[in-house]
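> Predicted model and sequence follow; I will ask about them next.
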Amino acid sequence: MNVWAAPERPPGPSAELGLTAKIRHRLVASRRPASPEAVGSALREVQPWLGAVDRLEVAKSVHADLAGLGPLQRILSDPRVSDICVNASREVWIDRGDGMEPAGVAFEDEHQVRSLAVRLAQAAGRRLDDSSPFVDAALPEGIRLHAVLPPVADGGTCISLRIPRSRGFSMAELVDAGTVSPAGAELLQRVVRRRLSFLVSGGAGSGKTTLLGALLSLAAPGERLVLVEDTAELIVRAGHLVRLQGRPANAEGSGAIAQSTLVRQALRMRPDRLVVGECRGVDVLDLLSALNTGHDGGCGTVHANRACEVPARLEALAAPAGLARNALHSLLAAAVDAVIHLDRRPDGVRRVAELALCRRLADGRVEVVGAYRRLDAGEPVPGPAAADLDARLAGTP
């Protein structure tokens with residue numbers, strides 16, 4: 001049975017409305033929230049001839065359309081799903097850890113996709129309409145939402161959802177998943193225990209946040225970790241943990257709290273380690289400045305193609321703030337010791353590709369030099385900076 005279309009019923013005043021619209025009108029008229037119970041009750045009023053089994057099936061689908069993710073709701077029952085991508089009404093793709101694959105669900109038409117995108121944006125306190133045709137927000141359940149309306153999205157509304165994990169990975173689980181080898185995990189553990197400051201780099205979906213959470217879980221139990229994020233995504237198994245989360249502007253354009261503001265607040269909270277979930281703008285200056293105030297062991301994530309391209313990426317992020325290139329490199333040289341780079345293979349497997357060190361050149365610029373590569377396969381392969389890294393790690397508890 002097609003639960004997304006209204007079953008046949010005798011004609012009436014509202015026969016032209018779809019089933020979801022009819023139930024929505026009933027709920028609004030009675031001032032009831034769109035709870036499963038209220039939807040079921042309204043369905044009995046609208047279509048009393050349905051049998052109990054059909055009524056339960058239709059009620060679940062209508063509730064998902066009113067208060068959930070519509071046709072996408074059943075996908076959430078699979079704990080392996082990390083991303084859902086809706087390409088207009090034509091197709092839905094998901095990532096379950098093995099790369100993108102068709103989800104096997106579809107929307108009826110563009111109106112249904114757009115309605116879902118607008119409703120999700122409203123649930124996040126954001127505006128999505130013709131005058132503001134895209135949105136990037138966090139839903140109350142922690143799901144990361146991005147949506148784009150036509151004509152910006154050519155062909156129809158596009159929705160991208162990043163599903164948070166219910167718990168973080170441990171380093172042992174990352175070893176089992178093939179992300180890092182036992183020897184590579186031991187090397188990374190020494191970096192954390194030695195309290196080197198580091199950035200985790202990689203492309204979107206490469207596992208930066210997952211790896212950072214696992215590494216922070218290796219910190220000494222008594223260390224006070226202060227996490228700053230635009231959207232709460234880091235999952236850390238640590239006893240002494242404080243979270244600060246940014247806030248976007250509301251529908252009226254006010255009330256925003258930037259990540260850079262939170263970094264400054266975090267410095268007043270006596271952190272042993274200051275962590276920025278992702279450097280995505282001028283907040284990189286606040287992170288680099290903070291790591292120059294005696295807070296060893298700080299860390300964050302940044303998008304970059306390769307470890308050696310991290311300085312160029314940071315230059316681009318800092319440029320809108322008017323920071324000169326030599327000033328940025330001076331901050332970077334004093335603030336960051338190492339870069340851990342991840343990549344993602346075509347089969348979807350994430351791997352720790354390289355551990356590199358930051359070195360300051362004679363002209364003042366910072367270059368990122370490989371210390372070890374292929375940390376996912378057996379013994380890591382030494383690089384030009386291996387001896388330097390080993391010297392820094394000497395005496396690790």
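Nice, I can see it. Numbers count the residues shown, from 1 in each chain.
> mind checking how far stretch 332-351 is from the chain centre?
The chain centre lies 16 Å from the centre of stretch 332-351; the measure is C-alpha atoms, centre = their mean, to the nearest Å.
> Just checking, which helix or strand succeeds whichever strand or helix holds residue 302 along the chain?
Secondary structure assigned from DSSP states H and E places residue 302 in strand 299-303. Next along the chain after strand 299-303, taking DSSP H and E as the criterion, comes helix 310-318.
> in the helix or strand just after that following helix, what's buried?
Counting by DSSP H and E, the next helix or strand C-terminal to helix 310-318 is helix 325-335. Buried residues in helix 325-335, counted by 16 or more other C-beta atoms under 10 Å: 328, 329, 330, 331, 332, 333, 334, 335. Where C-beta positions appear, they are placed from N, C-alpha and C, glycine not excepted.
> which one of those residues is nearest residue 193?
residue 335 (19.4 Å; C-beta to C-beta).
> Now do the same contact list for the closest one.
By C-beta atoms under 8 Å, 6 or more residues apart in numbering, residue 335 lies in contact with 197, 287, 288, 289, 291, 292, 298.
> Go again with 7 Å.
Under the criterion of C-beta atoms under 7 Å, 6 or more residues apart in numbering, the neighbours of residue 335 are 197, 288, 291, 292.
> Which members of these occur in helices, if any?
Among those, DSSP state H puts residue 288 in helices.
> How far away from the center of its chain is the strand holding residue 302?
13 Å.
> Averaged pLDDT, the lengthiest strand in the chain. What do you get?
Across the chain, the longest stretch assigned as strand under DSSP state E is strand 350-360. Strand 350-360 carries an average pLDDT of 95.
> Quick check: next helix or strand after that strand?
Remark: after strand 350-360, the chain's next helix or strand is strand 366-373, criterion DSSP H and E.
> List the strands paired with the next helix or strand after that following strand, with their directions.
Downstream of strand 366-373, the next assigned helix or strand under DSSP H and E is strand 381-382. Strand pairing for strand 381-382, using DSSP bridges, gives strand 366-373 (antiparallel).
> Now do the buried residues in the strand it pairs with.
Using 16+ other C-beta under 10 Å as the test for burial, strand 366-373 gives 366, 368, 369, 370, 371, 372, 373.
> would you list those in CSV and tack on pLDDT and distance to residue 209?
As requested, these are exported to CSV (pLDDT from 0 to 100; distance: C-beta to C-beta, whole Å):
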residue, pLDDT, distance to residue 209
366, 95, 24
368, 96, 20
369, 97, 25
370, 96, 23
371, 97, 23
372, 97, 22
373, 95, 22
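> quick check, nearest of those to residue 71?
Out of the buried residues of strand 366-373, the member with the shortest distance to residue 71 (by C-beta to C-beta) is residue 373, at 43.3 Å.
> wait, the closest one sits on residue 354?
Yes: with contact defined as C-beta atoms under 7 Å, residue 373 counts as touching residue 354 (4.7 Å).
> Spatially nearest residue to residue 273, not counting backbone neighbours?
residue 297 (4.5 Å; C-beta to C-beta, 6 or more residues apart in numbering).
> can you give me how far stretch 371-380 is from the chain middle?
Distance, centroid of stretch 371-380 to centroid of chain: 27 Å (C-alpha atoms, centre = their mean).
> List the buried residues for that stretch?
371, 372, 373, 374, 375, 376, 380.
> Repeat that for stretch 196-207.
Those would be 196, 197, 198, 199, 200, 201, 202, 205, 206, 207, for stretch 196-207 by 16+ other C-beta under 10 Å.
> All the helices of the chain, in order from the start?
19-30, 36-46, 52-67, 110-123, 171-176, 182-193, 208-216, 259-266, 283-290, 310-318, 325-335, 386-393.
> Go through the helices and strands of this structure and name the one with the lowest mean pLDDT.
helix 52-67 (a mean of 55; mean pLDDT, DSSP states H and E).
> pLDDT below threshold where in the stretch 51-200 of the chain?
Residue ranges of the stretch 51-200 of the chain with pLDDT under 70: 51-68, 166.
> What of the stretch 201-350 of the chain?
For the stretch 201-350 of the chain, the stretches with pLDDT under 70 are 251.
> Tell me how far the residue nearest to residue 113 when sequence neighbours are not counted lies from residue 95.
Distance criterion C-beta to C-beta, 6+ apart; nearest residue to residue 113, sequence neighbours excluded, is residue 157 at 4.5 Å. Separation of residue 157 from residue 95 (C-beta to C-beta, to the nearest Å) stands at 20 Å.
> So which of these two has more stuff around it?
Neighbour count, other C-beta atoms under 10 Å: between residue 157 and residue 95, residue 157 has more, with 26 against 19.
> Show the backbone phi and psi for that one.
phi -60, psi 130 (degrees, to the nearest 10).
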